[in-house]
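A.B. asks: What shape does this take:
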Amino acid sequence: MNQLSVTVVNKIFEAVDIISLELAEVDGKQLPYFTAGAHIDVHLPGGIVRQYSLLNDSTESHRYVIAVLKDAESRGGSVAIHKKIKVGDVLRISTPKNHFPLISANQSLLLAGGIGVTPILSMAHQLNRTNAAFRMHYCTRSRERTAFLDTIQSSEFSDRVHFHFDDGDDAQKLDLKTLMAKPSPTTHLYVCGPKGFIDYVVDSAKEAGWSSDQIHFEYFGAGEIDTSGDKVFKVKIASSGTILDVAPGKSITRVLEENDVFIPVSCEEGVCGTCLTRVIEGEPDHRDLYLTDAEKTANNQILPCCSRAKSAMLTLDL
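C.D. replies: Numbers count the residues shown, from 1 in each chain. Alright, predicted model coming up:
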């Protein structure tokens, strides 16, 4: 995977517990092009790698901008950025990757929950620049926790953005039932934010008759999974025939690493797709938020950082 060295040229307090980082190529060269919805892997102190969406306009080749919410349950990534990263630091990042691209449509409906505004904001920039029709709804707990509020209100597309605050009066709160009603086949829906927010929007859209092809979403983190019924299963390495036991409480990737079988791993939550591996034989127990329903049904791929097996053994193309 291609990597870049970038300098932190700006670090800005955007809202309660949210900061943004502006990144530029260390030699002042143009950065690789990206499209709205793209993200980068950011390598942080202590060997931590985390994914952050690019929120700026994709025509800005001189910079990448990300925003980071300080997570109370952080495993080190967001805390490192908030407390350790400073202007002038040099970071290693990946080139942009996009698992959440815009689809050409007559109308786009953008829904953001909290920090999920980052890829949605980049989409708004692109849709506005190309004179495409869209509406954007941005839901947060309060005005004080609404990142980029002033930026959006002063933008060319401000009249197409609706803000919804949990602590505000009922009149300004998101009426999702009305918004989802009477779906048009030429409208596409994009949603990003906490898992509960995404699930609520997606379920509401499907209940209202939106087709799966019209609904696009990207999770930032996995929810809690009931692991009380987990049992030991075996993983077979196709290239060597080696068979390994995966005990409850251990991931496939951890067992592989302990046995000197290394595959790329990043988020460790089944969100980013970095560790995607082909399944030759066996039935996975999919616990990721990356694969589509159709891809999970096919049972020929697995995210071994979080998923397990329903069958007694999985043979992996490793």
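A.B. asks: Any stretches of this protein with poor pLDDT?
C.D. replies: Applying pLDDT under 70 to the chain picks out residues 1, 72-76, 221-225.
A.B. asks: let's see 50
C.D. replies: The model of the chain has no residue with pLDDT under 50.
A.B. asks: quick check: domain ranges of it?
C.D. replies: Using automatic domain parsing, the domain ranges for the chain come out as 3-94, 107-219, 233-316.
A.B. asks: The longest one: end-to-end distance?
C.D. replies: It refers to domain 107-219. Taking C-alpha to C-alpha, to the nearest Å, domain 107-219 runs 23 Å from one end to the other.
A.B. asks: So what pairs up with Ile19 in the strands?
C.D. replies: Per DSSP bridges, the residues bridged to Ile19 are Phe13, Val68.
A.B. asks: How many residues are close by it?
C.D. replies: By the criterion of other C-beta atoms under 10 Å, Ile19 has 19 neighbours. From N, CA and C alone the C-beta is placed, and that goes for glycine too.
A.B. asks: Could you check how far the spatially most central residue of the chain is from Ser204?
C.D. replies: The centroid of the chain falls nearest to Phe220 when counting by C-alpha atoms, centre = their mean (4.0 Å). According to C-beta to C-beta, to the nearest Å, Phe220 and Ser204 sit 20 Å apart.
A.B. asks: tell me the SS of the spatially most distant residue from the centre of the chain?
C.D. replies: What lies farthest from the middle of the chain is Gly241; by C-alpha atoms, centre = their mean that is 34.8 Å. Three-state call for Gly241 (DSSP: H, G, I helix; E, B strand; the rest coil): coil.
A.B. asks: and the residue lying closest to Val49 once chain neighbours are set aside, backbone torsions?
C.D. replies: Using C-beta to C-beta, 6 or more residues apart in numbering and skipping residues adjacent in sequence, the residue nearest Val49 is Ser266, 4.7 Å away. Backbone torsions of Ser266, given as degrees, to the nearest 10, read phi -130, psi -80.
A.B. asks: do the same with Asp199
C.D. replies: Here is the backbone geometry of Asp199 (degrees, to the nearest 10): phi -60, psi -40.
A.B. asks: now do the one 10 residues further on
C.D. replies: Here is the backbone geometry of Gly209 (degrees, to the nearest 10): phi 110, psi 10.
A.B. asks: Kindly report the same for Ala36.
C.D. replies: Note on Ala36: backbone dihedrals following degrees, to the nearest 10 are phi -60, psi 130.
A.B. asks: All further residue positions should be reported with the first residue as 667.
C.D. replies: With 667 as the first residue, the last one maps to Ala702.
A.B. asks: Go ahead and confirm it touches Ser788.
C.D. replies: Yes. In this structure, Ala702 is within contact of Ser788 by C-beta atoms under 8 Å, at 4.2 Å.
A.B. asks: what's the overlap in contacts for these two?
C.D. replies: Here Ala702 and Ser788 have Ser724 as joint contacts, going by C-beta atoms under 8 Å, 6 or more residues apart in numbering.
A.B. asks: before we move on, back to that, the domains of the chain: which one's closest to Asp892?
C.D. replies: Closest to Asp892 of the domains of the chain is domain 899-982 (C-beta to C-beta; 10.1 Å).
A.B. asks: Apart from its neighbours in sequence, what residue is nearest Arg858?
C.D. replies: Residue 858: Cys, not Arg. Distances taken as C-beta to C-beta, 6+ apart place Gly782 nearest to Cys858, at 3.6 Å, with adjacent residues excluded.
A.B. asks: residues near the one you found, how many?
C.D. replies: 25.
A.B. asks: In three-state terms, label it for me.
C.D. replies: Using three-state DSSP, the secondary structure recorded for Gly782 is helix.
A.B. asks: shouldn't it be in contact with Lys861?
C.D. replies: No. Between Gly782 and Lys861 there is no contact under C-beta under 8 Å: 10.2 Å.
A.B. asks: now the residue nearest to Ala847 when sequence neighbours are not counted: how far from His882?
C.D. replies: In space, and not counting its chain neighbours, Ala847 is closest to Ala874: 5.8 Å by C-beta to C-beta, 6+ apart. With distances taken as C-beta to C-beta, Ala874 is found 16 Å from His882.
A.B. asks: which of these two has more neighbours?
C.D. replies: Ranked by neighbour count (other C-beta under 10 Å), Ala874 and His882 place His882 first, with 21 against 15.
A.B. asks: The residue nearest to that one when sequence neighbours are not counted is in what secondary structure piece?
C.D. replies: Distances taken as C-beta to C-beta, 6+ apart put Tyr856 closest to His882, at 4.9 Å, once the chain neighbours are dropped. Taking DSSP states H and E as the criterion, Tyr856 maps to strand 853-859.
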